[in-house]
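> 3D model of this:
(4 chains)
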Number of protein chains: 2
Amino acid sequence: MQALISFLQKDLGIPEKLAVPISDFYKKERIAKNEFLVEEGKLCNKLCFIEKGYWRFFSYSDKKVITHWIFGDNQLVTDIASFHLQQPAKWSIQALTDSDIYTLSYADFKELRIAVPEWDMYEKLLLVKLLSALENRVYTLLSMSAEERYNYLFQSDSKMFQELPLNYLASMLGMTPETLSRVRKKFAH
Amino acid sequence: MQALISFLQKDLGIPEKLAVPISDFYKKERIAKNEFLVEEGKLCNKLCFIEKGYWRFFSYSDKKVITHWIFGDNQLVTDIASFHLQQPAKWSIQALTDSDIYTLSYADFKELRIAVPEWDMYEKLLLVKLLSALENRVYTLLSMSAEERYNYLFQSDSKMFQELPLNYLASMLGMTPETLSRVRKKFAH
DNA sequence: CTAAATTCTTGATTTTTATCAAGAGAAAAC
DNA sequence: GTTTTCTCTTGATAAAAATCAAGAATTTAG
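Purely as a prediction, here's the structure:
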(Lines give C-alpha, C1' and ligand atoms only; values in the text may rest on other atoms or scores of the structure.)
Protein backbone atom coordinates (compact mmCIF):
# COMPACT_ATOMS: atom_id res chain seq x y z
CA MET A 1 0.00 0.00 0.00
CA GLN A 2 2.97 2.30 0.65
CA ALA A 3 3.78 2.66 -3.05
CA LEU A 4 0.25 3.85 -3.73
CA ILE A 5 0.24 6.31 -0.85
CA SER A 6 3.58 7.71 -2.03
CA PHE A 7 2.25 8.07 -5.54
CA LEU A 8 -0.82 9.95 -4.34
CA GLN A 9 1.32 12.28 -2.25
CA LYS A 10 4.27 12.88 -4.56
CA ASP A 11 2.74 12.69 -8.00
CA LEU A 12 -0.67 14.15 -7.28
CA GLY A 13 0.23 16.43 -4.36
CA ILE A 14 -2.42 14.90 -2.11
CA PRO A 15 -1.74 15.56 1.60
CA GLU A 16 -1.04 12.50 3.77
CA LYS A 17 -4.28 13.02 5.71
CA LEU A 18 -6.22 12.36 2.51
CA ALA A 19 -3.83 9.98 0.77
CA VAL A 20 -4.23 7.29 3.41
CA PRO A 21 -8.05 7.18 3.42
CA ILE A 22 -8.07 7.37 -0.38
CA SER A 23 -5.74 4.39 -0.60
CA ASP A 24 -8.14 2.38 1.53
CA PHE A 25 -10.59 2.31 -1.34
CA TYR A 26 -8.10 0.32 -3.40
CA LYS A 27 -7.79 -3.47 -3.22
CA LYS A 28 -4.54 -5.35 -3.60
CA GLU A 29 -4.41 -7.96 -6.36
CA ARG A 30 -1.86 -10.25 -7.93
CA ILE A 31 -2.29 -10.57 -11.65
CA ALA A 32 -0.69 -13.23 -13.84
CA LYS A 33 1.06 -12.43 -17.10
CA ASN A 34 -1.32 -12.13 -20.06
CA GLU A 35 -4.42 -11.36 -17.99
CA PHE A 36 -6.56 -8.48 -19.19
CA LEU A 37 -7.68 -5.39 -17.29
CA VAL A 38 -10.10 -4.67 -20.10
CA GLU A 39 -10.76 -5.80 -23.67
CA GLU A 40 -11.75 -3.59 -26.59
CA GLY A 41 -15.53 -3.24 -26.76
CA LYS A 42 -16.15 -4.26 -23.18
CA LEU A 43 -16.67 -2.00 -20.19
CA CYS A 44 -13.64 -1.01 -18.17
CA ASN A 45 -14.76 -0.89 -14.56
CA LYS A 46 -11.42 -0.76 -12.81
CA LEU A 47 -8.77 1.81 -12.35
CA CYS A 48 -5.44 0.15 -11.69
CA PHE A 49 -2.29 1.28 -9.95
CA ILE A 50 0.72 -0.84 -10.88
CA GLU A 51 2.94 -1.44 -7.89
CA LYS A 52 5.17 -3.81 -9.81
CA GLY A 53 4.84 -5.05 -13.37
CA TYR A 54 4.44 -4.03 -16.99
CA TRP A 55 1.16 -3.57 -18.82
CA ARG A 56 0.46 -2.82 -22.44
CA PHE A 57 -2.23 -0.55 -23.79
CA PHE A 58 -3.04 -1.75 -27.31
CA SER A 59 -5.55 -2.26 -30.09
CA TYR A 60 -5.98 -3.97 -33.41
CA SER A 61 -5.81 -2.23 -36.76
CA ASP A 62 -6.58 -4.03 -40.06
CA LYS A 63 -3.36 -5.91 -40.29
CA LYS A 64 -1.40 -5.49 -37.11
CA VAL A 65 -1.57 -5.06 -33.36
CA ILE A 66 -0.75 -1.53 -32.27
CA THR A 67 0.83 -1.05 -28.86
CA HIS A 68 -0.01 2.52 -27.86
CA TRP A 69 2.01 2.57 -24.68
CA ILE A 70 3.52 0.39 -21.99
CA PHE A 71 2.92 1.24 -18.37
CA GLY A 72 5.31 0.23 -15.59
CA ASP A 73 5.83 0.47 -11.84
CA ASN A 74 4.03 3.20 -9.96
CA GLN A 75 1.71 4.23 -12.77
CA LEU A 76 -2.04 4.39 -12.99
CA VAL A 77 -3.63 2.68 -15.94
CA THR A 78 -7.18 2.35 -17.22
CA ASP A 79 -9.22 3.06 -20.33
CA ILE A 80 -10.06 6.52 -19.08
CA ALA A 81 -13.04 7.18 -21.33
CA SER A 82 -14.54 3.77 -20.66
CA PHE A 83 -14.04 4.02 -16.91
CA HIS A 84 -15.27 7.58 -16.47
CA LEU A 85 -18.02 7.66 -19.03
CA GLN A 86 -18.96 3.99 -18.59
CA GLN A 87 -18.87 3.36 -22.31
CA PRO A 88 -17.31 0.48 -24.29
CA ALA A 89 -13.52 0.53 -24.22
CA LYS A 90 -11.71 1.51 -27.39
CA TRP A 91 -8.50 -0.22 -26.34
CA SER A 92 -7.33 -3.33 -24.55
CA ILE A 93 -5.05 -3.46 -21.54
CA GLN A 94 -3.06 -6.56 -20.67
CA ALA A 95 -0.39 -7.58 -18.17
CA LEU A 96 2.97 -8.32 -19.81
CA THR A 97 4.44 -9.67 -16.57
CA ASP A 98 3.10 -11.09 -13.33
CA SER A 99 2.09 -7.97 -11.45
CA ASP A 100 1.24 -6.56 -8.05
CA ILE A 101 -1.47 -3.99 -8.42
CA TYR A 102 -4.06 -2.02 -6.50
CA THR A 103 -7.44 -1.62 -8.14
CA LEU A 104 -10.31 0.78 -7.62
CA SER A 105 -13.66 -0.49 -8.90
CA TYR A 106 -16.11 1.93 -10.47
CA ALA A 107 -18.51 1.34 -7.56
CA ASP A 108 -15.78 2.21 -5.04
CA PHE A 109 -14.75 5.15 -7.17
CA LYS A 110 -18.25 6.58 -6.76
CA GLU A 111 -18.05 6.06 -3.00
CA LEU A 112 -14.63 7.66 -2.93
CA ARG A 113 -15.91 10.77 -4.67
CA ILE A 114 -18.56 11.15 -1.97
CA ALA A 115 -16.28 10.32 0.94
CA VAL A 116 -13.47 12.57 -0.29
CA PRO A 117 -14.95 15.53 -2.18
CA GLU A 118 -11.47 16.87 -2.92
CA TRP A 119 -10.81 13.80 -5.05
CA ASP A 120 -12.35 15.34 -8.18
CA MET A 121 -9.90 18.19 -8.03
CA TYR A 122 -6.88 15.94 -7.60
CA GLU A 123 -8.10 13.70 -10.33
CA LYS A 124 -8.38 16.72 -12.60
CA LEU A 125 -4.74 17.36 -11.90
CA LEU A 126 -3.91 13.81 -12.87
CA LEU A 127 -5.83 14.19 -16.11
CA VAL A 128 -3.98 17.42 -16.88
CA LYS A 129 -0.66 15.65 -16.41
CA LEU A 130 -1.74 12.74 -18.57
CA LEU A 131 -2.85 15.12 -21.29
CA SER A 132 0.45 16.89 -21.16
CA ALA A 133 2.29 13.57 -21.49
CA LEU A 134 0.13 12.62 -24.46
CA GLU A 135 0.74 15.97 -26.15
CA ASN A 136 4.40 15.21 -25.79
CA ARG A 137 3.90 11.78 -27.29
CA VAL A 138 2.18 13.24 -30.35
CA TYR A 139 5.10 15.63 -30.68
CA THR A 140 7.65 12.82 -30.65
CA LEU A 141 5.71 10.90 -33.29
CA LEU A 142 5.40 13.96 -35.53
CA SER A 143 8.91 15.29 -35.18
CA MET A 144 11.34 12.42 -34.62
CA SER A 145 12.85 9.71 -36.81
CA ALA A 146 12.80 6.06 -35.74
CA GLU A 147 16.30 6.42 -34.32
CA GLU A 148 15.41 9.52 -32.36
CA ARG A 149 12.25 7.97 -30.95
CA TYR A 150 14.25 4.95 -29.81
CA ASN A 151 16.86 7.06 -28.06
CA TYR A 152 14.20 9.19 -26.44
CA LEU A 153 12.39 6.21 -24.98
CA PHE A 154 15.60 4.42 -24.02
CA GLN A 155 16.69 7.44 -22.02
CA SER A 156 13.44 7.52 -20.09
CA ASP A 157 13.20 3.78 -19.36
CA SER A 158 16.11 1.58 -20.40
CA LYS A 159 15.04 -1.16 -17.97
CA MET A 160 12.04 -1.81 -20.19
CA PHE A 161 14.32 -2.96 -23.00
CA GLN A 162 15.80 -5.70 -20.85
CA GLU A 163 12.57 -6.98 -19.43
CA LEU A 164 10.09 -7.00 -22.30
CA PRO A 165 9.92 -8.61 -25.74
CA LEU A 166 11.14 -6.05 -28.24
CA ASN A 167 8.23 -6.46 -30.62
CA TYR A 168 5.99 -4.61 -28.15
CA LEU A 169 8.50 -1.81 -27.82
CA ALA A 170 8.91 -1.58 -31.59
CA SER A 171 5.17 -1.22 -32.05
CA MET A 172 4.96 1.44 -29.36
CA LEU A 173 7.78 3.29 -31.10
CA GLY A 174 5.99 3.14 -34.43
CA MET A 175 8.49 0.89 -36.21
CA THR A 176 8.87 -2.77 -37.12
CA PRO A 177 10.86 -5.17 -34.93
CA GLU A 178 13.46 -5.42 -37.70
CA THR A 179 13.97 -1.67 -37.72
CA LEU A 180 14.25 -1.60 -33.94
CA SER A 181 16.83 -4.37 -34.09
CA ARG A 182 18.90 -2.37 -36.57
CA VAL A 183 18.62 0.84 -34.59
CA ARG A 184 19.69 -0.93 -31.41
CA LYS A 185 22.67 -2.46 -33.16
CA LYS A 186 23.71 0.97 -34.34
CA PHE A 187 23.67 2.41 -30.82
CA ALA A 188 24.73 -0.84 -29.09
CA HIS A 189 23.36 0.26 -25.77
CA MET B 1 -22.48 33.94 -26.62
CA GLN B 2 -25.03 31.43 -27.93
CA ALA B 3 -22.36 29.24 -29.52
CA LEU B 4 -20.56 28.97 -26.20
CA ILE B 5 -23.73 28.18 -24.26
CA SER B 6 -24.63 25.50 -26.80
CA PHE B 7 -21.17 24.02 -26.51
CA LEU B 8 -21.40 23.87 -22.72
CA GLN B 9 -24.79 22.21 -22.90
CA LYS B 10 -24.32 19.80 -25.80
CA ASP B 11 -20.66 18.88 -25.58
CA LEU B 12 -20.20 18.95 -21.82
CA GLY B 13 -23.73 18.09 -20.74
CA ILE B 14 -24.04 21.15 -18.53
CA PRO B 15 -27.68 22.06 -17.76
CA GLU B 16 -28.92 25.40 -19.09
CA LYS B 17 -29.28 26.79 -15.57
CA LEU B 18 -25.54 26.49 -15.13
CA ALA B 19 -24.40 27.03 -18.72
CA VAL B 20 -25.67 30.59 -18.82
CA PRO B 21 -23.97 31.82 -15.63
CA ILE B 22 -20.78 29.96 -16.61
CA SER B 23 -20.76 31.66 -19.99
CA ASP B 24 -20.90 35.06 -18.23
CA PHE B 25 -17.36 34.53 -17.01
CA TYR B 26 -16.14 34.56 -20.61
CA LYS B 27 -15.29 37.75 -22.50
CA LYS B 28 -15.84 38.22 -26.21
CA GLU B 29 -12.79 39.15 -28.27
CA ARG B 30 -11.93 39.61 -31.92
CA ILE B 31 -8.47 38.35 -32.75
CA ALA B 32 -6.53 39.15 -35.91
CA LYS B 33 -4.80 36.48 -37.97
CA ASN B 34 -1.32 35.61 -36.67
CA GLU B 35 -1.93 36.81 -33.11
CA PHE B 36 -0.82 34.45 -30.35
CA LEU B 37 -2.85 33.04 -27.49
CA VAL B 38 0.40 31.89 -25.91
CA GLU B 39 4.04 31.43 -26.89
CA GLU B 40 6.29 28.55 -25.89
CA GLY B 41 8.01 29.31 -22.58
CA LYS B 42 5.55 31.95 -21.47
CA LEU B 43 2.58 31.54 -19.17
CA CYS B 44 -0.78 30.70 -20.72
CA ASN B 45 -3.37 32.56 -18.68
CA LYS B 46 -6.36 32.27 -20.95
CA LEU B 47 -8.68 29.51 -21.93
CA CYS B 48 -10.21 30.22 -25.30
CA PHE B 49 -13.43 29.12 -26.97
CA ILE B 50 -13.33 29.60 -30.72
CA GLU B 51 -16.67 30.78 -32.02
CA LYS B 52 -15.33 31.27 -35.53
CA GLY B 53 -11.80 30.81 -36.82
CA TYR B 54 -8.86 28.44 -37.03
CA TRP B 55 -6.00 28.22 -34.57
CA ARG B 56 -2.85 26.17 -34.69
CA PHE B 57 -1.18 24.45 -31.80
CA PHE B 58 2.52 24.12 -32.65
CA SER B 59 6.12 24.04 -31.54
CA TYR B 60 9.63 24.11 -32.92
CA SER B 61 11.87 21.09 -33.25
CA ASP B 62 15.54 21.39 -34.34
CA LYS B 63 14.88 21.93 -37.98
CA LYS B 64 11.17 22.38 -38.54
CA VAL B 65 7.96 23.76 -37.14
CA ILE B 66 5.62 21.02 -35.92
CA THR B 67 1.89 21.68 -36.07
CA HIS B 68 0.37 19.38 -33.48
CA TRP B 69 -3.23 20.15 -34.23
CA ILE B 70 -5.52 22.76 -35.74
CA PHE B 71 -8.59 23.84 -33.80
CA GLY B 72 -11.69 25.23 -35.48
CA ASP B 73 -15.17 26.55 -34.77
CA ASN B 74 -16.77 25.62 -31.46
CA GLN B 75 -13.68 24.18 -29.86
CA LEU B 76 -11.88 25.05 -26.65
CA VAL B 77 -8.17 25.65 -26.92
CA THR B 78 -5.41 26.40 -24.42
CA ASP B 79 -2.09 25.01 -23.26
CA ILE B 80 -3.79 22.89 -20.65
CA ALA B 81 -0.77 22.20 -18.46
CA SER B 82 0.33 25.83 -18.54
CA PHE B 83 -3.14 27.14 -17.77
CA HIS B 84 -4.04 24.69 -15.02
CA LEU B 85 -0.67 24.29 -13.37
CA GLN B 86 0.45 27.86 -14.09
CA GLN B 87 3.76 26.70 -15.52
CA PRO B 88 5.60 27.79 -18.70
CA ALA B 89 3.86 26.68 -21.87
CA LYS B 90 5.46 23.88 -23.87
CA TRP B 91 3.65 24.88 -27.05
CA SER B 92 2.54 27.96 -28.94
CA ILE B 93 -0.97 28.73 -30.06
CA GLN B 94 -1.68 31.17 -32.89
CA ALA B 95 -4.68 32.36 -34.90
CA LEU B 96 -4.55 31.24 -38.53
CA THR B 97 -7.55 33.40 -39.45
CA ASP B 98 -9.28 36.46 -38.03
CA SER B 99 -11.34 34.96 -35.24
CA ASP B 100 -14.26 35.54 -32.92
CA ILE B 101 -13.51 34.00 -29.58
CA TYR B 102 -14.59 33.95 -25.95
CA THR B 103 -11.82 33.89 -23.39
CA LEU B 104 -11.71 32.95 -19.74
CA SER B 105 -8.78 34.43 -17.82
CA TYR B 106 -7.07 32.40 -15.12
CA ALA B 107 -8.32 34.89 -12.52
CA ASP B 108 -11.91 34.49 -13.73
CA PHE B 109 -11.42 30.76 -13.90
CA LYS B 110 -10.65 30.75 -10.18
CA GLU B 111 -13.78 32.82 -9.49
CA LEU B 112 -15.83 30.50 -11.66
CA ARG B 113 -14.70 27.47 -9.67
CA ILE B 114 -15.92 29.15 -6.50
CA ALA B 115 -19.18 30.47 -7.97
CA VAL B 116 -20.03 27.17 -9.69
CA PRO B 117 -18.64 24.28 -7.64
CA GLU B 118 -19.94 21.79 -10.21
CA TRP B 119 -17.53 23.24 -12.74
CA ASP B 120 -14.63 21.00 -11.64
CA MET B 121 -16.67 17.93 -12.41
CA TYR B 122 -17.72 19.13 -15.85
CA GLU B 123 -14.20 20.15 -16.60
CA LYS B 124 -13.03 16.68 -15.65
CA LEU B 125 -15.43 15.38 -18.24
CA LEU B 126 -13.94 17.71 -20.81
CA LEU B 127 -10.46 16.48 -19.95
CA VAL B 128 -11.57 12.87 -20.29
CA LYS B 129 -12.91 13.60 -23.76
CA LEU B 130 -9.75 15.40 -24.76
CA LEU B 131 -7.65 12.50 -23.54
CA SER B 132 -9.74 10.10 -25.51
CA ALA B 133 -9.29 12.21 -28.64
CA LEU B 134 -5.54 12.31 -28.10
CA GLU B 135 -5.37 8.55 -27.59
CA ASN B 136 -7.08 8.28 -30.92
CA ARG B 137 -4.58 10.64 -32.47
CA VAL B 138 -1.67 8.54 -31.24
CA TYR B 139 -3.39 5.52 -32.75
CA THR B 140 -3.71 7.16 -36.17
CA LEU B 141 -0.05 8.16 -36.11
CA LEU B 142 1.09 4.68 -35.14
CA SER B 143 -1.16 2.68 -37.42
CA MET B 144 -1.89 4.64 -40.59
CA SER B 145 0.08 5.50 -43.72
CA ALA B 146 0.29 9.08 -44.98
CA GLU B 147 -2.57 8.37 -47.38
CA GLU B 148 -4.75 6.91 -44.67
CA ARG B 149 -4.08 9.77 -42.28
CA TYR B 150 -5.04 12.25 -45.00
CA ASN B 151 -8.30 10.49 -45.77
CA TYR B 152 -9.14 10.20 -42.10
CA LEU B 153 -8.67 13.92 -41.48
CA PHE B 154 -10.38 14.92 -44.71
CA GLN B 155 -13.46 12.95 -43.70
CA SER B 156 -13.67 14.70 -40.37
CA ASP B 157 -13.06 18.26 -41.63
CA SER B 158 -12.82 18.79 -45.37
CA LYS B 159 -13.56 22.51 -45.00
CA MET B 160 -10.16 22.94 -43.41
CA PHE B 161 -8.46 21.97 -46.66
CA GLN B 162 -10.13 24.80 -48.52
CA GLU B 163 -9.51 27.47 -45.94
CA LEU B 164 -6.00 26.92 -44.68
CA PRO B 165 -2.53 26.77 -46.25
CA LEU B 166 -1.72 23.14 -46.84
CA ASN B 167 1.71 23.27 -45.25
CA TYR B 168 0.06 23.48 -41.82
CA LEU B 169 -2.14 20.53 -42.60
CA ALA B 170 0.79 18.52 -43.92
CA SER B 171 2.73 19.12 -40.73
CA MET B 172 -0.24 18.15 -38.59
CA LEU B 173 -0.57 14.97 -40.64
CA GLY B 174 3.08 14.13 -40.15
CA MET B 175 4.14 14.48 -43.78
CA THR B 176 5.84 17.05 -46.03
CA PRO B 177 3.82 19.48 -48.15
CA GLU B 178 5.07 17.68 -51.26
CA THR B 179 3.75 14.35 -50.02
CA LEU B 180 0.41 15.92 -49.13
CA SER B 181 0.21 17.43 -52.59
CA ARG B 182 0.76 14.03 -54.18
CA VAL B 183 -1.72 12.29 -51.91
CA ARG B 184 -4.35 14.91 -52.72
CA LYS B 185 -3.73 14.53 -56.42
CA LYS B 186 -4.23 10.80 -56.10
CA PHE B 187 -7.61 11.20 -54.43
CA ALA B 188 -8.59 14.38 -56.27
CA HIS B 189 -11.16 15.36 -53.70
C1' DC C 1 -1.11 48.23 -60.26
C1' DT C 2 3.13 46.12 -59.77
C1' DA C 3 6.67 43.77 -57.25
C1' DA C 4 7.64 40.60 -53.79
C1' DA C 5 6.55 36.87 -51.10
C1' DT C 6 4.08 32.79 -50.31
C1' DT C 7 1.79 28.63 -51.71
C1' DC C 8 1.32 24.70 -54.42
C1' DT C 9 2.63 21.35 -57.77
C1' DT C 10 5.62 18.32 -60.32
C1' DG C 11 9.78 15.68 -61.47
C1' DA C 12 14.13 13.47 -60.27
C1' DT C 13 16.66 11.47 -56.71
C1' DT C 14 17.86 9.93 -52.07
C1' DT C 15 16.84 8.36 -47.63
C1' DT C 16 14.19 5.97 -44.46
C1' DT C 17 11.61 2.31 -43.22
C1' DA C 18 8.85 -1.91 -44.35
C1' DT C 19 8.62 -6.37 -46.16
C1' DC C 20 10.12 -10.94 -47.11
C1' DA C 21 12.93 -14.75 -45.97
C1' DA C 22 15.98 -17.50 -43.36
C1' DG C 23 18.36 -18.99 -39.46
C1' DA C 24 20.30 -18.80 -34.62
C1' DG C 25 19.24 -18.59 -29.90
C1' DA C 26 16.21 -18.62 -25.94
C1' DA C 27 12.12 -19.80 -23.57
C1' DA C 28 8.11 -22.56 -22.89
C1' DA C 29 5.54 -26.81 -23.28
C1' DC C 30 5.14 -31.47 -23.11
C1' DG D 1 15.42 -33.34 -21.87
C1' DT D 2 13.61 -32.92 -26.25
C1' DT D 3 10.45 -30.60 -29.21
C1' DT D 4 8.03 -26.67 -30.28
C1' DT D 5 7.28 -22.00 -30.18
C1' DC D 6 8.75 -17.47 -29.73
C1' DT D 7 12.22 -13.88 -30.14
C1' DC D 8 15.76 -11.58 -32.31
C1' DT D 9 18.98 -10.67 -35.90
C1' DT D 10 20.67 -10.22 -40.54
C1' DG D 11 20.56 -9.71 -45.56
C1' DA D 12 18.23 -8.62 -49.86
C1' DT D 13 14.71 -6.09 -51.88
C1' DA D 14 10.66 -3.09 -52.21
C1' DA D 15 7.83 0.59 -50.86
C1' DA D 16 6.95 4.93 -48.68
C1' DA D 17 8.14 9.31 -47.86
C1' DA D 18 11.73 13.06 -47.72
C1' DT D 19 14.65 16.08 -50.06
C1' DC D 20 16.14 19.04 -53.70
C1' DA D 21 15.01 21.95 -57.40
C1' DA D 22 12.27 24.58 -60.44
C1' DG D 23 8.40 26.87 -62.00
C1' DA D 24 3.38 28.29 -62.01
C1' DA D 25 -0.25 30.36 -59.49
C1' DT D 26 -1.94 32.98 -55.91
C1' DT D 27 -1.74 36.28 -52.22
C1' DT D 28 0.17 40.15 -49.88
C1' DA D 29 2.61 44.50 -49.54
C1' DG D 30 3.98 48.70 -51.07
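> list the contacts for the residue lying closest to A:Gly72 once chain neighbours are set aside?
Nearest residue to A:Gly72 in three dimensions, chain neighbours excluded: A:Tyr54, at 5.3 Å (C-beta to C-beta, 6 or more residues apart in numbering or on different chains). From N, CA and C alone the C-beta is placed, and that goes for glycine too. A:Tyr54 sits next to A:Ile70, A:Phe71, A:Gly72, A:Ala95, A:Leu96, A:Thr97, A:Ser99, A:Met160, A:Glu163, A:Leu164 when contact means C-beta atoms under 8 Å, 6 or more residues apart in numbering or on different chains.
> burial count for A:Tyr60?
12 (other C-beta atoms under 10 Å in any protein chain shown).
> Could you measure from it over to B:Tyr150?
Per C-beta to C-beta, to the nearest Å, A:Tyr60 is found 22 Å from B:Tyr150.
> list the buried ones in whichever strand or helix holds A:Arg137?
Per DSSP states H and E, A:Arg137 falls inside helix A:119-143. Residues of helix A:119-143 classed as buried by neighbour count (16 or more other C-beta atoms under 10 Å in any protein chain shown): A:119-120, A:122-132, A:134-135, A:137-143.
> Please work out which residues outside the helix or strand just after that helix touch it.
The helix or strand immediately downstream of helix A:119-143 is helix A:146-156, counting by DSSP H and E. Helix A:146-156 has contacts (C-beta under 8 Å, 6+ apart) with A:140-141, A:144, A:160-161, A:169, A:172-175, A:179-180, A:183-184, A:186-187, A:189.
> Now A:Arg182. Its backbone dihedrals?
phi -70, psi -40 (degrees, to the nearest 10).
> for chain A, what spans make up the helices?
Using DSSP state H, the helices assigned to chain A run over residues A:2-10, A:16-23, A:80-85, A:106-115, A:119-143, A:146-156, A:159-163, A:166-172, A:177-187.
> now for the ones you listed, which one comes closest to B:Gly13?
With C-beta to C-beta as the measure, helix A:80-85 is the member of those nearest B:Gly13 (10.2 Å).
> Now do the buried residues in that closest one.
Of all the residues in helix A:80-85, those buried under the rule 16+ other C-beta under 10 Å are A:Ile80, A:Ala81, A:Ser82, A:Phe83, A:His84.
> Ok, stretch A:139-157 next?
Across stretch A:139-157, burial judged by 16+ other C-beta under 10 Å covers A:Tyr139, A:Thr140, A:Leu141, A:Leu142, A:Ser143, A:Met144, A:Ala146, A:Arg149, A:Tyr150, A:Leu153, A:Phe154.
> Near DNA strand D, which residues of chain A? Just list them.
A:Pro165, A:Leu166, A:Asn167, A:Pro177, A:Glu178, A:Leu180, A:Ser181, A:Arg182, A:Arg184, A:Lys185 (C-beta under 7 Å from any atom of the strand).
> residues near the first one, how many?
Each residue near A:Pro165 was counted by other C-beta under 10 Å, and the total is 9.
> For the spatially closest residue to A:Lys42 that is not a sequence neighbour, give me its contacts.
Spatial nearest neighbour of A:Lys42, chain neighbours left out: A:Ala89 (5.9 Å); criterion: C-beta to C-beta, 6+ apart. Each residue near A:Ala89 by C-beta under 8 Å, 6+ apart is listed here: A:Val38, A:Glu39, A:Glu40, A:Gly41, A:Lys42, A:Leu43, A:Cys44, A:Asp79, A:Ala81, A:Ser82.
> now A:Arg30
Residues near A:Arg30 by C-beta under 8 Å, 6+ apart: A:Asp98, A:Ser99, A:Asp100, A:Ile101.
> and with 7 Å instead?
With contact set as C-beta atoms under 7 Å, 6 or more residues apart in numbering or on different chains, A:Arg30 has these partners: A:Asp100.
> is it in a bridge, and if so with what?
Applying DSSP bridges to A:Arg30 gives these bridge partners: A:Asp100.
> burial measure for the nearest residue to A:Pro88 once chain neighbours are set aside, as a count.
Excluding the flanking residues, the one nearest A:Pro88 by C-beta to C-beta, 6+ apart is A:Gly41, at 5.2 Å. A:Gly41 is flanked by 11 other residues according to other C-beta under 10 Å.
> and A:Gly41, what are its phi and psi?
With angles defined as degrees, to the nearest 10, A:Gly41 sits at phi 90, psi -20.
> And DNA strand C, is the helix holding A:Arg137 touching that?
No: under the criterion of C-beta under 7 Å from any atom of the strand, helix A:119-143 makes no contact with DNA strand C; the nearest approach is 10.8 Å.
> angle of that helix against helix B:119-143?
20 degrees (axes from the mean of the first three to the mean of the last three C-alpha atoms, to 10 degrees).
> pLDDT averaged over helix A:119-143, what's the number?
Helix A:119-143 shows a mean pLDDT of 95 in the predicted model.
> by contact count, what packs against that helix?
Packing partners of helix A:119-143 (3 or more C-beta pairs under 7 Å, 6 or more residues apart in numbering or on different chains; DSSP states H and E): helix A:106-115, strand B:65-71, helix B:80-85, helix B:119-143.
> now that helix: how far from the chain's centre is it?
12 Å (C-alpha atoms, centre = their mean, to the nearest Å).
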